[in-house]
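Colleague: below: sequence and its predicted model.
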Amino acid sequence: MGMLPPSFIDFLITRHHVDGVFLTGCNMEDCHNRLGNRWTEQRLAGERDPYLRERVPRERIGKFWAGLTHNKRLAQQLTAFQAQIKGLPPYHRPSRKSSGQQPVGSNETHG
């Protein structure tokens, strides 16, 4: 999980490729690759670079650190997340705030 860049989650959700993202991996503190799930949690919370942008709605991200032994609970968590996503209104990416300035190269004439 520590190899998953938060920008990929951002891209998937804000570009309307998916309605939500569900993350899973090792149990907390039980990862063969050390700190992957902890780093992912910190990135989602904005506590570690690269962090997940604020524009990404957190209710569209689910996670459950299942490891190899919690398959039944993982299936329950995933089903609950899918139901949560179905209950959300369609995602609309926030528009950029205009600065009131014309773009460079604008053909506006002043007269």
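Modeller: It's in.

Colleague: all contacts plus neighbour counts: C-alpha atoms, from now on.
Modeller: Will do.

Colleague: flag every buried residue along the helix or strand of the chain with the lowest mean pLDDT.
Modeller: Counting by mean pLDDT, DSSP states H and E, the chain has its least confident helix or strand at helix 36-44, which shows a mean of 91. Across helix 36-44, burial judged by 16 or more other CA atoms under 10 Å covers 36-44.

Colleague: list the helices and strands the longest helix along the chain packs on?
Modeller: Across the chain, the helix with the greatest residue count (assigned by DSSP state H) is helix 71-86. Here helix 71-86 touches strand 61-64, going by 3 or more CA pairs under 8 Å, 6 or more residues apart in numbering; DSSP states H and E.

Colleague: what's the local residue count around Ala45?
Modeller: Ala45 has 14 neighbouring residues, counting by other CA atoms under 10 Å.

Colleague: OK, contacts around it?
Modeller: 51-52 (CA atoms under 8 Å, 6 or more residues apart in numbering).

Colleague: phi, psi for it please.
Modeller: phi -80, psi 0 (degrees, to the nearest 10).

Colleague: now it: how far from Gln76?
Modeller: Plainly put, Ala45 is 24 Å away from Gln76 if you go by CA to CA, to the nearest Å.

Colleague: returning to what we had before: chain center to the least confident helix or strand of the chain, what's the gap?
Modeller: 12 Å (CA atoms, centre = their mean, to the nearest Å).

Colleague: against Asp49, how distant is the residue nearest to Leu78 when sequence neighbours are not counted?
Modeller: Once flanking residues are discounted, Leu78 sits nearest to Phe22: 7.3 Å by CA to CA, 6 or more residues apart in numbering. Distance of Phe22 to Asp49, given as CA to CA: 20 Å.

Colleague: got it, and Ile13?
Modeller: 19 Å.

Colleague: buried residues in the longest helix of the chain, which are they?
Modeller: 74, 77-78, 81-82, 85.

Colleague: export those residues to CSV and append columns for pLDDT and distance to Ser7.
Modeller: Listed next are the buried residues of helix 71-86 as CSV, based on pLDDT from 0 to 100; distance: CA to CA, whole Å:
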residue, pLDDT, distance to Ser7
Leu74, 95, 25
Gln77, 97, 24
Leu78, 97, 22
Phe81, 98, 21
Gln82, 98, 22
Ile85, 97, 20
